[in-house]
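Visitor: Quick one, what's the 3D model for this:
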Amino acid sequence: MNFNGFVLPLLIIITGFVVGLLFEIIIFKKIREKSLETDWDGFKVVTKSLRGLSIFSFTIAGIYIALGYMDLGAANLANIHKILTIILILLITWAVAILTSGFVNIYTRRAEGVLPSTSFFGNISKLIVVFIGLMVVIQFLGLSITPMLTAFGIGGIALALALNDTFSNMFAGLNVITSKEMKIGDYIMLETGEEGYVQDITWRNTTIKAITNNTIIVPNSKIASHIITNYHQDQKEMLVKLNVGVSYESDLKKVEMVTVDVAKEVTEKLTGADDSVEPYIRYNEFNDFSINFTVFLSVTEFIEQYKLKHEFIKKLHERYNQEGIVIPFPIRTVYMKNELE
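Guide: You can find the predicted model right below:
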């Protein structure tokens, strides 16, 4: 085994890999850092699509050059060239797919009101580009596409049955997006109890960020079939209800005046409370041990209600103690009749 026949080609391939690695680490890293400083999102998409491509490209170039120094025979060289060409086509296809998906996502974010800002359309465009790339590879191999399409048509029914859940989620996601009943950033609650901010709607599932900072993954078919409360639809402002009970000895006019006064004080000072809506109360029940009523306050969005309730309960408890208004403990009076024999 001579130097030119094995060692030199190996060194050329290793050199190609090292050059690609250095290009990725030094030059491309500076390009990525520069992209983070610019306001144009397209620059970031381009750098993301080209990430890692230089290593493969320089390595493949090294292999091409090394083949010129190797005596493998015409047939073997032709097969290797064909394999390298296919790899190169697939690499370019993947880069173009990421590039297309990124620009589609940018457009959907900017075209608010026309297309919802989700990754759904970006993922679909990526699949289309990958499909086209595979068709190019098949054509390059000299295979006839027509019989394959016919075979796909015959096997389409079996494929549809096998991927029933996948297609169900995909079309459900498309329905959710086009109906515009839910979009990125909305705070929603499912009838099963899950709630949080909508982060993304993909071709398979919807991602929800709970207030506990946990991520909830819900299949799109469940989103389409369940009852959903959207707290950001039309408007974010909403009324918050808080139930309170006072003793039967209380002066109900005084209770109403004090409670509304505390509610106004809290909503005026607290960020997130909507002071444009006057707080009010409504008595609603003679309970076993208390007269119950509901306090209605307004917040700018759903998540702000927790802070409002927290501050209001503290202030109300303090004020009731000052005014001598009693919030009774649960009690029950039992009368026993003595029977004389």
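Visitor: What is the burial count for the nearest residue to Ala263 once chain neighbours are set aside?
Guide: The spatial neighbour of Ala263 that comes closest, neighbours along the chain excluded (CB to CB, 6 or more residues apart in numbering), is Pro279 at 3.4 Å. C-beta coordinates here come from the backbone N, C-alpha and C atoms, glycine included. When neighbours are defined as other CB atoms under 10 Å, Pro279 has 24 of them.
Visitor: Can you give me the distance of Pro279 to Glu268?
Guide: Between Pro279 and Glu268 the computed distance is 10 Å (CB to CB, to the nearest Å).
Visitor: coming back round to it: can I assume the residue nearest to Ala263 is in contact with Leu297?
Guide: Yes: the pair Pro279 / Leu297 is scored as a contact, 5.0 Å apart, by CB atoms under 8 Å.
Visitor: What is the burial count for Gln139?
Guide: Neighbours of Gln139 (other CB under 10 Å): 11.
Visitor: one step back: okay, and the common contacts of Pro279 and Leu297?
Guide: Taking CB atoms under 8 Å, 6 or more residues apart in numbering as the criterion, Pro279 and Leu297 both touch 263, 267.
Visitor: How is the protein divided into domains?
Guide: If you go by automatic domain parsing, the domain ranges for the chain are 3-141, 144-233, 238-323.
Visitor: looking at these, which is closest to Val334?
Guide: domain 238-323 (11.7 Å; CB to CB).
Visitor: following the helix or strand of the chain with the lowest mean pLDDT, which helix or strand comes up?
Guide: Sorted by mean pLDDT, DSSP states H and E, the helices and strands of the chain end with helix 145-162, the least confident at a mean of 60. Next in sequence after helix 145-162, counting helices and strands by DSSP states H and E, comes helix 164-179.
Visitor: Could you give the average pLDDT over that following helix?
Guide: Helix 164-179 comes out with an average pLDDT of 71.
Visitor: who does it touch, helix- and strand-wise?
Guide: helix 120-140, strand 195-201, strand 205-209, strand 215-219, helix 220-225 (3 or more CB pairs under 8 Å, 6 or more residues apart in numbering; DSSP states H and E).
Visitor: Swap in 10 Å and give it another go.
Guide: Contact here means 3 or more CB pairs under 10 Å, 6 or more residues apart in numbering; DSSP states H and E; on that basis helix 164-179 packs against helix 120-140, helix 145-162, strand 195-201, strand 205-209, strand 215-219, helix 220-225.
Visitor: Lowest average confidence across those, which one?
Guide: The stretch with the lowest average pLDDT out of those is helix 145-162, scoring a mean of 60.
Visitor: quick one, what contacts Ile63?
Guide: By CB atoms under 10 Å, 6 or more residues apart in numbering, the contact set of Ile63 is 9, 12-13, 16-17, 70, 80-81, 83-84, 87.
Visitor: quick one: which two of those residues are the most distant?
Guide: Taking CB to CB as the measure, the contacts of Ile63 span a maximum distance of 19.0 Å, between Phe17 and His81.
Visitor: which of these two has more neighbours?
Guide: Phe17 (17 against 13).
Visitor: between the host helix or strand of Thr100 and helix 120-140, what angle do the directions make?
Guide: Thr100 belongs to helix 74-110 when assigned by DSSP H and E. Relative orientation of helix 74-110 and helix 120-140, computed by axes from the mean of the first three to the mean of the last three CA atoms, to 10 degrees: 160 degrees.
Visitor: For helix 74-110, what is the distance to the chain centroid?
Guide: Relative to the chain's own centre, helix 74-110 is displaced by 27 Å; criterion: CA atoms, centre = their mean, to the nearest Å.
Visitor: With that, I have no additional questions.
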